[in-house]
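Trainee: Turn this into a model:
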Amino acid sequence: WYLRRVREAVVSTQSTGRKIRELVIENNDLKCALAEHQEALEFIMAKYRMQMTAFMTLKREQSEEIPNNNEKILQHYVEKMGDLIAVSDEGIRRDEDYDLQNERELARLRYENKYLKECLKIGRDFGSIPPEEKPSES
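Mentor: You can find the predicted model right below:
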């Protein structure tokens, strides 16, 4: 009776150790995917900012060419500039929202990683994870 319970506990612990190793691998994959996504977003936002700067410069140059007495054309350009500012503000807001989302996800992953490391330590301490099978910690 006692040996059977010990064997069941060992098998259960080994199964848990395997699951923990799988979760650690998945956690690392998620970290990599998150980093790649962040890099892509930074690249896109840099291109967007560069294009908006060029567009704003072009508009500024064109607006200097407008005669001062033509109020209707001037009003049209003022409205277009307002639209461009609104688009820029929306891009900045979305960028900040995305950064906040990434920070939350990173905090969640850090917490999960800490928990998984504790589980691995318990598994090692009780011998269900042999020393040669230790996953690399990142």
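Trainee: The longest helix along the chain: what's the following helix or strand?
Mentor: If you go by DSSP state H, the chain has its longest helix at helix 2-64. Later in the chain than helix 2-64, the nearest helix or strand by DSSP states H and E is helix 71-125.
Trainee: now the angle from that next one to helix 2-64?
Mentor: 160 degrees (axes from the mean of the first three to the mean of the last three C-alpha atoms, to 10 degrees).
Trainee: and helix 71-125, what does it pack onto?
Mentor: helix 2-64 (3 or more C-beta pairs under 8 Å, 6 or more residues apart in numbering; DSSP states H and E). Using the backbone N, CA and C atoms, a C-beta is placed for each residue, glycine as well.
Trainee: in this protein, what spans have low per-residue confidence?
Mentor: The chain contains residues with pLDDT under 70 at 63-69, 131-138.
Trainee: let's go with 90 and repeat that
Mentor: 1-18, 41-42, 45-100, 115-138 (pLDDT under 90).
Trainee: Tell me how many other residues surround V24.
Mentor: Using other C-beta atoms under 10 Å, the number of residues around V24 comes to 20.
Trainee: hang on, isn't it packed against Y115?
Mentor: No: counting by C-beta atoms under 8 Å, V24 does not reach Y115; the two are 10.6 Å apart.
Trainee: sorry, back to before: the longest helix of the chain - contacts with which helices or strands?
Mentor: Checking 3+ C-beta pairs under 8 Å, 6+ apart, helix 2-64 ends up next to helix 71-125.
Trainee: ok now the helix it packs on, how far from the chain's centre?
Mentor: 8 Å (C-alpha atoms, centre = their mean, to the nearest Å).
Trainee: how near is L109 to L23?
Mentor: 11 Å (C-beta to C-beta, to the nearest Å).
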